[in-house]
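Asker: What would the 3D arrangement of this be:
(one chain, ligands or ions: 2)
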Amino acid sequence: MNNYIFVDIEKLNKLSLMNIDINKRAADNIRILSMSMVEKSKSGHPGGAMGGADFIHILFSEFLNFDPKDPDWINRDRFFLDPGHMSPMLYSILALTGRFTVDELKNFRQWDSPTPGHPELDVQRGIENTSGPLGQGHTMAVGAAIAERFLAARFGELFSHKIFAYISDGGIQEEISQGAGRLAGFLGLANLVMFYDSNDIQLSTETSSVTSEDTGMKYSSWGWNVIHIDGNDQEQIRKSLTAAVSQKEKPTIIIGKTIMGKGLLDNEGKSFERKTSTHGMPVSEAGGSVEKSLINLGADPADCFSIFPEVKEYYGKVLENKAKTASVWKTEQKSWAASNPELDNKLHEYYSGEFPKIDFSAIVQKEGSATRNASATVLGILAKNVGNMIVASADLSNSDKTDGFLKNTHAFKKDDFSGAFLQTGVSELTMAAVMNGMALHGGIIPACGTFFVFSDYMKPAVRLACLMGLPVKYIWSHDAFRVGEDGPTHQPVEQEAQLRLMEHLKNHHGVNSMIVLRPADSAETNVAWKIAMENKTTPTALILSRQNIKDLPSDRNNRIADALQTDKGAYIVQDCSGTPDIILIACGSEVATLVEGAILLRKDNLKIRIVSAPSEGLFRNQPASYRDSILPEGVPVFGLTAGLSVTLQGLLGPKGAIWGLNSFGYSAPYKVLDEKLGFTADNVYKKVREYLAVLK
Ligand SMILES: Cc1ncc(C[n+]2csc(CCOP(=O)(O)OP(=O)(O)O)c2C)c(N)n1
Ligand SMILES: [Mg+2]
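Answerer: Ligands and ions are numbered 1, 2, ... in the order given. Predicted coordinates for the structure are as follows:
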């Protein structure tokens, strides 16, 4: 399954100075640079980075396939760091491989430097994932490993490569590792190799203060190949990696016992290793001696940022070799492309993020559908037309209606990635991080579903998708208290407001870090999916109803043409002649309730405009002239939301009146809840009349 070409290390060693153990020297160089970076910036995490240096050197120099001249080469092996606080280790190895300069290392953690405190996605520099929130990095690796198998199943084993992950005590303890470990073992992801930097020390204590688990047994029960080594013994590292990359059945975890702060000395010249204090502060501040440690590691204290000439020379050869390996593959790929032109086109399309043309406005929906069902109809079409879409569900496919996709394909199984559906089991956070990993790998359009109320369980990974700009699609059904009998545990109230905050939050490109769409009916659902599919730069959320919704009316008798304005964030559904007496605004199924309420209000000769606002974020991006044309100054506005009133506050401003749900919901049939909680046409009529009376 693998076309691995190992670096001829013996030959390389001969090229280096004969009397220097170049591998020890290189690892020490990483330790020295890591320590110096933290020392210079007066903040950071030296200890863990110093312990992991041996592994990272052997991995990058002897195993990790990449093309030094083509950082986003599609068939490169991916390296996913989990403990982002070990960034000095990553920046140091990437300095040895030519992706960072020494000056950039010196600017560690400074404004506008490419070496922030925790690594931020930058494939051109060899950073495959943003890391920092422990546990997510290695779970993204699981997603990338699934993506790799998915693509190899379609394009052949020429496209196989490895996914390496690096995890620490913190990541092992995070709950998400349960989901990642179970899933990788269950799916037999033999292309996944994870190093566990087991230094027995974490931020505030030794690990023995919080855990007594047998981690190896835990992973072996999940179906992993478990290897125990001394994580600072380079020969053991080499052997374990050699075994891991030839695995055919199982993912591998190499549990390496490492030494926190390896090589550190105190002022008296005694060992300053294995100190919790070196987890997160400069060695000098922790009480160690920087000078003695530098000398101990073979550095010149006056020149602690130098890359040793022999290490530089060695890595020069390593890189030459990597380039050769990559070019051998590229030659093979060229002849593959020549004999498989159609597949080759498809491959390019997959990696471009483009998808085949689909006329979303022509998708026929049943009248009065729940938007989750309308979404299922669209998903059925996507399944038939978009060959690189992977949809997942956390054990709710028949409720969140991702089964619209599943019915046209089948779920992944060990050794069978011919389908396109991932049953993640009940593990929403894992699912969200796995989807991020697929997006990071490239070649895949990932989407995942669950109940909206459980978006809470996914939020940390959604946030990272927003920060990294990953086009993951979230399918969140059961959007409001109309879940009904399941009661307040299952009824979202504050979730929409929470998610809409991500529309306000800009990413580093200055755009909304997420698009959040809550469509009002099936026509808007078609268009919402269009927007989601066309959005290649940020995540998109679709918040969908459980219950059926009456299709919205159209003044021009062309509902889908109206709904196409969803991309403006808010638009007029029904209007009146002249200035309205009141504008009614909502999103989701509340728009249909406003339509019913407006019928009653018009009987009193009131002039009514109804606005559907599926995305406040998109609406805010419109020019002021458009916004004013929808919500003109001086016209009273009434909002209806099944979420907290604050959900609509941003659109209405301080003067508008909002009828929202400002408490937890209750267990009862949803029509009863509509009555009791005031989400009826009658109550819209009553509240608007009250509001207009106050204004007079
Ligand atoms: C989700 C999450 N919780 C807490 C933290 C804060 N934090 C950073 S590192 C760490 C523990 C570090 O232990 P380990 O992973 O063993 O790293 P080492 O001390 O060995 O460098 C904690 C709690 C975090 N980064 N992410
Ligand atoms: Mg640790």
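Asker: wait, what's in contact with the one residue in the chain that gets nearest to ligand 2?
Answerer: In the chain, the residue that lies nearest ligand 2 is D169 (3.6 Å; CB to the ion). Just so you know, the C-beta spots here come from the backbone N, C-alpha and C atoms, and that holds for glycine as well. Taking CB atoms under 8 Å, 6 or more residues apart in numbering, we find D169 in contact with D197, S198, N199, D200, I201, Q202, T207.
Asker: Mind listing the residues bridging to the second one?
Answerer: Beta bridges link S198 to K257 when assigned by DSSP bridges.
Asker: Now do the residue of the stretch 451-600 of the chain found nearest ligand 1 against E206, distance only.
Answerer: Residue nearest to ligand 1 within the stretch 451-600 of the chain (CB to the nearest ligand atom): P460, separated by 7.2 Å. Taking CB to CB, to the nearest Å as the criterion, P460 is separated from E206 by 26 Å.
Asker: now E494
Answerer: Taken as CB to CB, the span from E494 to E206 is 39 Å.
Asker: May I ask you to confirm that D555 is in contact with Q574?
Answerer: Yes: assessed by CB atoms under 8 Å, D555 is found in contact with Q574 at 6.0 Å.
Asker: Give me the common contacts of the two.
Answerer: By CB under 8 Å, 6+ apart, no residue touches both D555 and Q574.
Asker: Looking at these two, which is more packed in?
Answerer: Legend: neighbour count by other CB atoms under 10 Å for D555 and Q574, higher for Q574 (20 against 12).
Asker: Need the nearest residue in space to that one, chain neighbours excluded.
Answerer: Using CB to CB, 6 or more residues apart in numbering and skipping the chain neighbours, the partner closest in space to Q574 is I610 (4.3 Å).
Asker: if I pick M389, what's in contact with it?
Answerer: Applying CB under 8 Å, 6+ apart, the residues near M389 are F355, L382, A383, F405, A420, I444, I445, P446, A447.
Asker: How about D300?
Answerer: D300 neighbours (CB under 8 Å, 6+ apart): L294, S306.
Asker: what's the pLDDT at it?
Answerer: D300 carries a pLDDT value of 96.
Asker: Write out the residues of the protein neighbouring ligand 2.
Answerer: By CB under 5 Å from the ion, the residues of the chain that approach ligand 2 are S168, D169, N199, I201, Q202.
Asker: Sort out which of those residues are in strands and list them.
Answerer: S168 (DSSP state E).
Asker: The residues of the chain next to ligand 2 also near ligand 1: which ones?
Answerer: S168, D169, N199, I201, Q202 (CB under 6 Å from any ligand atom).
Asker: Once you drop chain neighbours, what's closest to the fourth one?
Answerer: In other words, I201. Nearest non-adjacent residue to I201, counting by CB to CB, 6+ apart: M260, 4.6 Å away.
Asker: How is this protein divided into domains?
Answerer: 9-262+308-325, 360-543, 560-695 (automatic domain parsing).
Asker: The closest residue to ligand 1 within the stretch 201-350 of the chain and D169, how far apart?
Answerer: Closest approach between the stretch 201-350 of the chain and ligand 1, counting by CB to the nearest ligand atom: Q202, at 3.2 Å. Relative to D169, Q202 is positioned 5 Å away (CB to CB).
Asker: Strands of the stretch 451-600 of the chain, start to end?
Answerer: 473-477, 515-517, 540-543, 571-574, 582-586 (DSSP state E, counting those that start in this stretch).
Asker: And for the third one, what's in contact with it?
Answerer: Spelled out, it's strand 540-543. By CB under 8 Å, 6+ apart, the residues outside strand 540-543 that reach it are 375, 452, 455, 471-476, 479, 496, 499, 514-519, 525, 528-529, 531-532, 588.
Asker: how about 6 Å then?
Answerer: Residues from elsewhere that reach strand 540-543 (CB atoms under 6 Å, 6 or more residues apart in numbering): 452, 473-476, 479, 499, 515-518, 528, 532.
Asker: Please apply the same query to the first one.
Answerer: When contacts are defined by CB under 6 Å, 6+ apart, strand 473-477 is touched by residues 372, 400, 402, 447, 449, 452, 455, 532, 540-544.
Asker: part of a helix, is I20?
Answerer: No: counting by DSSP: H, G, I helix; E, B strand; the rest coil, I20 is located in no helix; its state is coil.
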